[in-house]
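Trainee: Return a 3D structure for these sequence lines:
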Amino acid sequence: MTSPKQGPAVIITGAAGGIGTALLAAFDAVGWQVVSTDILPLERPAHIVGDATLFSDPDSPEAARLIEELRSATQGRLTALVLNAAYQVVKPCEQLSADDWQKTLAVNLLAPFWLSQAFLPELETNRGSILAISSIHEKLTKPGFVAYATSKAALSGMVRAMAVDLGGRVRCNAICPAAIATPMLRAGFEGQPDAYRALEAHHPIGRIGTPDEVAATALFVCSDAASFMTGACLDLSGGISVRLHDPV
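Mentor: Below is the predicted model:
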């Protein structure tokens with residue numbers, strides 16, 4: 001199943017979430033051929049249903065099948081790989097299980113690497129780029145986020161290292177958002193308007209970000225306008241990453 005568009009192709013993982021939906025719309029609006037994947041179905045052309053954990057094992061037949069479906073859908077025009085799929089477990093250290101760690105690392109680190117490796121030939125041919133949606137948790141975190149923060153720190157580190165390793169063949173970058181007003185985040189504050197306003201006020205800009213702002217940044221990073229950008233992990237935090245939070 002392929003899109004009728006004939007522009008450059010992008011693969012977007014984790015396409016069914018709040019940021020994923022915004023990414024689809026942003027790339028589609030400027031003429032990219034958008035191929036999406038998620039564990040959930042979407043009513044759109046060129047969408048491949050698949051569990052991101054499958055991509056963490058490149059030798060599995062199921063992973064190979066999904067990769068070939070994605071490859072076929074891009075019709076040789078793959079110019080950007082946007083690694084947006086993520087898994088988050090919020091637990092204190094003493095409650096983290098082996099399964100928590102394995103799934104977190106599978107989705108947030110191993111799948112992005114193996115997908116990147118799989119599509120390097122097309123991306124190099126088309127002078128394309130890899131973009132990971134990392135997180136402010138790559139550097140700054142809070143209680144309960146040990147597994148998630150570790151995986152995002154590793155993801156950003158992988159992006160920097162791959163940029164050096166691949167040189168001018170394929171650009172590699174990351175975006176590191178702080179709080180973004182996705183449906184999932186808003187649902188977590190249902191019935192707690194004061195807590196939501198406090199989160200907004202915690203950001204120096206006075207609000208939290210929007211999925212559209214993440215998508216607009218992603219579109220720029222993957223465009224020719226950012227052709228000199230590689231190895232960058234862009235702070236998209238509304239200033240929260242530069243603010244001290246002293247008690248006074």
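
Trainee: average pLDDT for the host helix or strand of Ile19?
Mentor: Assigned by DSSP states H and E, Ile19 belongs to helix 18-29. When pLDDT is averaged over helix 18-29, the result is 97.

Trainee: and it, what does it pack onto?
Mentor: strand 9-13, strand 33-38, helix 183-188, helix 211-222 (3 or more CB pairs under 8 Å, 6 or more residues apart in numbering; DSSP states H and E). In short, each C-beta sits where N, CA and C put it, glycine included.

Trainee: lowest-confidence stretch among these?
Mentor: Among those, helix 183-188 scores lowest, at a mean of 84.

Trainee: Figure out how far that helix is from the centre of its chain.
Mentor: 18 Å (CA atoms, centre = their mean, to the nearest Å).

Trainee: Contacts for it next, please.
Mentor: Helix 183-188 is contacted by residues Gly17, Gly18, Ala179, Tyr196, Ile208 when judged by CB atoms under 8 Å, 6 or more residues apart in numbering.

Trainee: Nearest to Lys142, out of the helices and strands packed on helix 18-29?
Mentor: helix 183-188 (14.1 Å; CB to CB).

Trainee: May I see the buried residues of the helix or strand that comes right after that closest one?
Mentor: Tracing the chain C-terminally past helix 183-188 and defining elements by DSSP H and E, one meets helix 193-202 next. For helix 193-202, burial by neighbour count (16 or more other CB atoms under 10 Å) applies to Tyr196, Leu199, His202.

Trainee: How about stretch 103-119?
Mentor: By neighbour count with 16+ other CB under 10 Å, stretch 103-119 contains the buried residues 103-116, 118-119.

Trainee: Repeat that for stretch 127-136.
Mentor: Gly128, Ser129, Ile130, Leu131, Ala132, Ile133, Ser134, Ser135, Ile136.

Trainee: For the residues you listed, give me a markdown table that also has secondary structure, distance to Lys91 and pLDDT.
Mentor: A markdown table is the format used below for these (DSSP: H, G, I helix; E, B strand; the rest coil; distance: CB to CB, whole Å; pLDDT from 0 to 100):
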| residue | secondary structure | distance to Lys91 | pLDDT |
| --- | --- | --- | --- |
| Gly128 | coil | 37 | 98 |
| Ser129 | strand | 34 | 98 |
| Ile130 | strand | 30 | 98 |
| Leu131 | strand | 29 | 98 |
| Ala132 | strand | 24 | 98 |
| Ile133 | strand | 22 | 98 |
| Ser134 | coil | 21 | 98 |
| Ser135 | coil | 17 | 97 |
| Ile136 | helix | 19 | 96 |
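
Trainee: returning to that earlier point: next, the angle from the helix holding Ile19 to helix 211-222.
Mentor: Interaxial angle, helix 18-29 versus helix 211-222 (axes from the mean of the first three to the mean of the last three CA atoms, to 10 degrees): 50 degrees.

Trainee: tell me which of the buried residues of stretch 103-119 is nearest to Gly7?
Mentor: For the buried residues of stretch 103-119, the closest approach to Gly7 (CB to CB) belongs to Phe119, at 17.4 Å.

Trainee: In this structure that closest one contacts Gly76, no?
Mentor: No. Using CB atoms under 8 Å, Phe119 is not in contact with Gly76, being 11.3 Å away.

Trainee: Need the contact partners of the longest helix along the chain.
Mentor: Ranked by residue count, the top helix of the chain under DSSP state H comes out as helix 146-166. Helix 146-166 has contacts (CB under 8 Å, 6+ apart) with 87-93, 96, 100-101, 104-105, 108-109, 112-113, 116, 120, 130, 132, 134-135, 137-139, 141, 171-174, 176, 230-231, 233.
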